[in-house]
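[1] no letters, just coordinates:
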C-alpha cells in the first residue's frame with residue numbers, strides 16, 4: 001500500500017486512481033472536521049468539495065519539506081472554512097467560527113448522541129483555538145506536531161494547551177473523552 005506522498009506523486013504524474021485513494025482516505029475526516037465548525041450538512045458538503053478542488057488545483061504547490069499531506073489538507077480545510085465565514089458573515093469574528101449562526105437544524109441532519117451534545121456544549125466554552133486543538137487531537141487523531149503546523153503554533157504550546165484543557169474537564173467529560181479516544 002502506498003503512503004500519501006507516493007499517492008500524491010503518482011497523481012501528479014497522471015495516475016487519477018492515486019487521487020481517488022487519497023480522496024477515500026481523507027473525505028470523511030475532512031468532512032467531519034468541517035462539519036464541527038459549520039454545523040450544517042449542506043455547507044459541510046460544499047466546503048469539503050471545495051477543499052478537494054483546491055487540493056487538485058494546488059497539488060504542484062505541496063511541499064513535503066514543510067509537512068505531510070495530512071497537515072496540508074487540514075490547513076486547506078481550515079482556511080476554506082475561514083473563507084466561508086468571511087464571505088457569509090463579513091462582520092462576525094472569524095476567529096470564533098464555532099459560534100457563527102450556521103446550525104441548520106443539526107438535530108434533523110445528524111442523529112446526535114447525548115454524549116456528543118455534552119462534548120459540543122463543553123467545546124463551546126473553550127476558546128476557538130482550544131476547540132480546534134481538541135477536535136484535531138481527539139476526533140482526527142493528529143499528532144501534536146501536525147496540529148502545531150496546522151494552527152501555526154509550536155508543538156510544546158499545543159501539548160501544554162491540550163493538557164490544560166483536559167485537566168480542567170469534569171470527571172464525566174474526562175471519561176467521555178477517553179471513550180471517544182478508544183472508539
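    Arrived safely. Model, not experiment: these values are computed from the prediction.
[2] tell me how far the most centrally placed residue in the chain lies from residue 64.
    For the chain, the residue nearest the mean C-alpha position is residue 33 (3.3 Å; C-alpha atoms, centre = their mean). Going from residue 33 to residue 64 by C-beta to C-beta, to the nearest Å gives 22 Å. For the C-beta atoms, the positions are set from N, CA and C on the backbone; glycine is no exception.
[3] show me what secondary structure element comes after the strand or helix carrying residue 145.
    Residue 145 is part of helix 144-151, with elements assigned from DSSP states H and E. Remark: after helix 144-151, the chain's next helix or strand is helix 155-167, criterion DSSP H and E.
[4] just the residues contacting that following helix, thanks.
    With C-beta atoms under 8 Å, 6 or more residues apart in numbering as the contact definition, helix 155-167 has outside contacts at 126, 129-130, 133-134, 137, 144-145, 147-148, 151, 153, 174, 177.
[5] repeat for stretch 145-153
    So stretch 145-153 is in contact with 66-68, 70-71, 74-75, 78, 129, 132-133, 136-137, 142, 154-155, 157-158, 161, going by C-beta under 8 Å, 6+ apart.
[6] narrow those residues to those in helices?
    Of the positions in the contacts of stretch 145-153, 70, 71, 74, 75, 78, 129, 132, 133, 155, 157, 158, 161 sit in helices, assigned by DSSP state H.
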